[in-house]
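Chemist: Pasting the sequence and the predicted model now:
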Amino acid sequence: MNIEIATAPDVRDVDVPKDAWTQPFWDAAERGELLLPRCVNCGHFRWPPGPFCPRCRSQTVAWTAPGAGQIYSFTILREKKDDGSVQVIVPALIAFPGADGVRLIASIAATPIDHINIGASVELSWSPAKNASIPIFRVT
C-alpha cells in the first residue's frame with residue numbers, strides 16, 4: 001500500500017515582497033512566531049495588513065498570536081517528477097477561529113493525504129524562502 005504524504009513546495013528561491021504593513025509579520029516569522037495585526041481600538045484582526053481597520057478605521061495596531069488554526073479549505077495537486085515519482089502538494093486556507101475569520105493561504109506538509117480534511121487542527125512550522133520564513137502547517 002502506497003501512502004501519499006503531502007510535501008511543501010520548494011520556496012528557497014522565492015523572494016517574498018515586503019512593505020511597511022507586512023514587515024512585522026515577516027519579522028515575527030523569522031523568530032518562528034505567527035503574529036497577525038489586531039486593531040487596538042475595536043479588537044478586530046486585520047488581514048491582510050493595511051493602514052486602517054476595516055471596522056472602525058483606526059490606525060493603531062498590535063501584532064498578536066491568532067491562536068490555534070484549522071483547515072478551512074484545501075485542494076490536492078499531484079506533480080509528476082522527472083524521475084517518475086509524484087510530489088503531492090496541498091495548498092490550503094487555514095482559519096483561526098480566535099482571530100475573527102482570518103484565513104491564511106499556506107501549504108499542508110508532512111501529513112498523509114487521508115488525514116487532511118476540513119476542520120482538521122493544524123500546527124505551524126516554517127519553510128525557508130530567499131528572504132523570509134514562510135508558514136506551513138501539518139495536521140495534528
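Modeler: That came through, no problem.

Chemist: Could you list the low-pLDDT ranges of the chain?
Modeler: Counting by pLDDT under 70, the ranges of the chain that qualify are 1.

Chemist: Identify the bridge partners of the spatially most central residue of it.
Modeler: Within the chain, the residue whose C-alpha comes closest to the C-alpha centroid is Ala106; the distance, by CA atoms, centre = their mean, is 3.9 Å. Beta-bridge pairing for Ala106 (DSSP bridges): Ala92.

Chemist: unless I'm mixing things up, it is touching Phe96, no?
Modeler: No. In this structure Ala106 lies outside contact range of Phe96 using CB atoms under 8 Å: 11.5 Å. The C-beta positions use only the backbone N, C-alpha and C, and glycine is treated the same way.

Chemist: quick one: His44 and Ala68, what's the gap?
Modeler: For His44, the distance to Ala68 (CB to CB, to the nearest Å) stands at 19 Å.

Chemist: More neighbours: which of these two?
Modeler: A side-by-side neighbour count of His44 and Ala68, using other CB atoms under 10 Å, places His44 first with 18 against 15.

Chemist: which residues does the more buried one contact?
Modeler: Contact criterion CB atoms under 8 Å, 6 or more residues apart in numbering gives 38, 53-56, 100 as the residues in contact with His44.

Chemist: In stretch 50-66, which of the residues would be classed as buried?
Modeler: Of the residues in stretch 50-66, those buried by neighbour count under the rule 16 or more other CB atoms under 10 Å are 53, 61, 64, 66.

Chemist: if I pick the second one, what's in contact with it?
Modeler: Looking back up the chat, that one is Val61. Contact criterion CB under 8 Å, 6+ apart gives 37-40, 46, 49, 53 as the residues in contact with Val61.

Chemist: and what of Ser133?
Modeler: Contact analysis of Ser133 by CB under 8 Å, 6+ apart lists 26, 29-30, 32, 126-127.

Chemist: now swap in Thr140 and tell me
Modeler: Taking CB under 8 Å, 6+ apart, we find Thr140 in contact with 120-123.
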